[in-house]
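1. Got a predicted model here, sequence first, then my questions.
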Amino acid sequence: MTSEQTLMVHAFLPGSTQSVPAGKLHILEEGSDLQASRFVYGLKYLKRNGAIEIDPVGLGMLQGQQVVGQALFAQESALFGGNS
């Protein structure tokens, strides 16, 4: 059975003791197997001073990538920052 979940991702920014919403992670699973994932940064998060990349390899935003309103997909894996 295929299922899709949407999860809110929070980040602790440098010097902060509280997390802030960073974006949404969408996960597609077939049974217990991860099939695909995508992430969308929140617009308010991208405007924050000190915003950090959630995954510098798969979710880069500091190297000039245009990520506003873009769904970012994991490269060479179904999961960001990990192996599947």
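-> Yep, that arrived.

2. ok, now how distant is Leu46 from Thr6?
-> Spatial separation of Leu46 from Thr6 under the definition Cβ to Cβ, to the nearest Å is 19 Å. The C-beta positions use only the backbone N, C-alpha and C, and glycine is treated the same way.

3. next one: Ser37
-> 11 Å.

4. Give the intersection of the neighbour lists for the two.
-> The contact sets of Ser37 and Thr6 overlap at 25-27 (Cβ atoms under 8 Å, 6 or more residues apart in numbering).

5. Check which residues of whichever helix or strand Gln5 is part of are buried.
-> Taking DSSP states H and E as the criterion, the element that holds Gln5 is strand 2-11. When burial is assessed from 16 or more other Cβ atoms under 10 Å, strand 2-11 yields the following buried residues: 9, 11.

6. by contact count, what packs against it?
-> Here strand 2-11 touches strand 20-30, going by 3 or more Cβ pairs under 8 Å, 6 or more residues apart in numbering; DSSP states H and E.

7. what's the strand it packs on packed up against?
-> If you count contacts as 3+ Cβ pairs under 8 Å, 6+ apart, strand 20-30 packs onto strand 2-11, strand 33-41, helix 43-47.

8. Give me the nearest residue to Thr2, chain neighbours excluded.
-> In space, and not counting its chain neighbours, Thr2 is closest to Glu30: 5.3 Å by Cβ to Cβ, 6 or more residues apart in numbering.

9. what stretches of the chain score poorly on pLDDT?
-> 56-66, 69-70, 72-84 (pLDDT under 70).

10. sorry, back to before: wait, which of the shared contacts of Ser37 and Thr6 is closest to Asp55?
-> Taking Cβ to Cβ as the measure, Leu25 is the one of those closest to Asp55, at 10.3 Å.

11. got the contact list for stretch 8-15?
-> Residues contacting stretch 8-15 (Cβ under 8 Å, 6+ apart): 18-25, 39, 45, 48, 50-52, 54.

12. If we use 6 Å, what do you get?
-> 19, 21-23, 25, 50 (Cβ atoms under 6 Å, 6 or more residues apart in numbering).
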